[in-house]
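Peer 1: Can you look at this prediction? I've put the sequence above it.
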Amino acid sequence: MLFSGLMQVGAQQRSLLTSVSESGSSLPDGPDAQRLAGGAVGPQDAARVSGSIHGVVMDKDGAVCEGATVALEFTGTNAPAARMATSDNNGRFSFSDVPPGAFKLAVSSKGFETQTAEGVLHSGESFEAQVIALRVTSISEVRVTASQVEIATEQVKEEEQQRVLGVIPNFYVSYAPNAAPLTVKQKFDLGWKTSIDPVSFLAVGFFAGIEQAENTFSGYGQGVQGYAKRYGAGYANSTINTMLGSAILPSWWKQDPRYFYKGTGTIHARALYAIANAVICKGDNGKWQPNYSAVAGGLAAGGISNLYYPASDRDGLTLTFENAAIGTAEGAVQNLIQEFVIRKLTPKLPNYGSGKP
């Protein structure tokens, strides 16, 4: 039996030598010999035995991350170009036809820190990466605030919807506590929209009719022509006063032309506040100051009105100061009405959290 075993070994050795001889590679360091000896795989062989890399992206709480960007980078000399993939709705990503060798994965997603993982892909291997857990970007404080201009724009939009009984414009009152100051453009826009509002035209016509009936400014005469002159003078007064006192001069002196509703405190305190607001106002810096804009605007409008009043009704400085004083008194009365009445008659006001009317 020993002899028989030796004969079998000899036969196997001869068969192996014959096979090597027939392949045309009898050198001990030939490619086939290296493969038989378990040597390294050449570049051409590696291309034929490429593998795949896949894995799952999650956050630190274990929820899958869809849409994460996964970059596959190869290391070493003559490494292939990097490749990119995106995790699906199950958080999975996959790279196919990957050449064997060392690699690095870089996973990133908005709001998360980039995470990396490294490994070595062997010939023909399907490499399952460990779960890649993304961590939220470490930010000490995130503060999202709108600019003053953006806040003022939204507040003005609300004010432009304010109409007493749903009809009469009430644009120049703010119910918002600590309202943002108006820009120059917003002051002019608000003045212009007030001047061309249909209700403004109707109001001028109404008061022109009263003047016609009472023969105020008799130099205008009666009839259609007299009414037209009174209407034109009234509209000019209203527009000039609005643009001067609520747009031009407030922009020049950086003052806010609006009335800021108080809504809290005793009746006495609120009444004093309303009356005082006829001669004081908030500056664009948020501080209270004399209302130069309204006072000077009233004087200027009164002076300009002398240019188109009938000559018999002009009284120089006397009429100018008289109209300015009347305008200031009217402003105080309007503020009292704003403080105690108008809010109750204005529907669909936004809830700014101010006090009850």
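Peer 2: Structure's in. What do you need? Numbers count the residues shown, from 1 in each chain.
Peer 1: Would you agree Phe103 is in contact with Thr75?
Peer 2: Yes - at 6.8 Å, Phe103 and Thr75 qualify as touching, with contact defined as Cβ atoms under 8 Å. C-beta here means a position set from N, CA and C on the backbone, and glycine is covered the same way.
Peer 1: For those two, indicate the residue with more neighbours.
Peer 2: Between Phe103 and Thr75, counted using other Cβ atoms under 10 Å, Phe103 has the larger neighbour count: 25 against 11.
Peer 1: Quick check: which element contains that one?
Peer 2: Element membership for Phe103 (DSSP states H and E) is strand 101-108.
Peer 1: again with Gly55
Peer 2: With DSSP H and E as the criterion, Gly55 is inside strand 51-59.
Peer 1: Give the other helices and strands that that strand contacts.
Peer 2: Counting contacts by 3 or more Cβ pairs under 8 Å, 6 or more residues apart in numbering; DSSP states H and E, strand 51-59 packs against strand 69-74, strand 92-98, strand 101-108, strand 115-121, strand 126-128, strand 132-134.
Peer 1: still on that earlier bit, using PDB, write down the CA coordinates of the strand holding Phe103.
Peer 2: Listed next in PDB are the C-alpha coordinates belonging to strand 101-108 (Å, rounded to 0.1, in the frame of the first residue of the first chain):
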ATOM      1  CA  GLY A 101      -8.500  48.700  -3.500                       C
ATOM      2  CA  ALA A 102      -8.600  51.200  -0.700                       C
ATOM      3  CA  PHE A 103     -11.400  53.700  -0.700                       C
ATOM      4  CA  LYS A 104     -13.000  56.500   1.400                       C
ATOM      5  CA  LEU A 105     -16.700  57.500   1.700                       C
ATOM      6  CA  ALA A 106     -17.700  61.100   2.600                       C
ATOM      7  CA  VAL A 107     -21.400  61.600   3.400                       C
ATOM      8  CA  SER A 108     -22.900  65.000   3.700                       C
END
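Peer 1: so what's Ile304 up against?
Peer 2: Counting by Cβ atoms under 8 Å, 6 or more residues apart in numbering, Ile304 touches 236, 240.
Peer 1: before we move on, what SS does it have?
Peer 2: Following DSSP: H, G, I helix; E, B strand; the rest coil, we place Ile304 in the helix state.
Peer 1: That one and Ala179, how far apart?
Peer 2: Per Cβ to Cβ, to the nearest Å, Ile304 is found 31 Å from Ala179.
Peer 1: now do Val164
Peer 2: From Val164 to Ala179 the distance is 20 Å (Cβ to Cβ).
Peer 1: swap in Ile267?
Peer 2: For Ile267 relative to Ala179 (Cβ to Cβ), the value is 24 Å.
Peer 1: quick one: which of those two has more around it?
Peer 2: Taking neighbours as other Cβ under 10 Å, Ile267 and Ala179 compare with Ala179 leading, 20 against 9.
Peer 1: so that one makes contact with Tyr259?
Peer 2: No - applying Cβ under 8 Å, one finds Ala179 not in contact with Tyr259, separated by 10.9 Å.
Peer 1: circling back: paired strands for the strand holding Phe103, with orientation please.
Peer 2: In the sheet, strand 101-108 lines up against strand 69-74 (antiparallel), strand 115-121 (antiparallel) (DSSP bridges).
Peer 1: ok and the longest one relative to strand 51-59, angle-wise?
Peer 2: Okay, so that is strand 115-121. Strand 115-121 and strand 51-59 are oriented at 160 degrees to each other (axes from the mean of the first three to the mean of the last three Cα atoms, to 10 degrees).
Peer 1: what about Gly51, distance to Gly119?
Peer 2: In this view, Gly51 and Gly119 are 11 Å apart by Cβ to Cβ.
Peer 1: likewise Asp256?
Peer 2: In terms of Cβ to Cβ, Asp256 sits 65 Å off from Gly119.
Peer 1: Comparing those two, which residue is more hemmed in?
Peer 2: Neighbour totals were compared for Asp256 and Gly119, and Asp256 leads with 23 against 16 (other Cβ under 10 Å).
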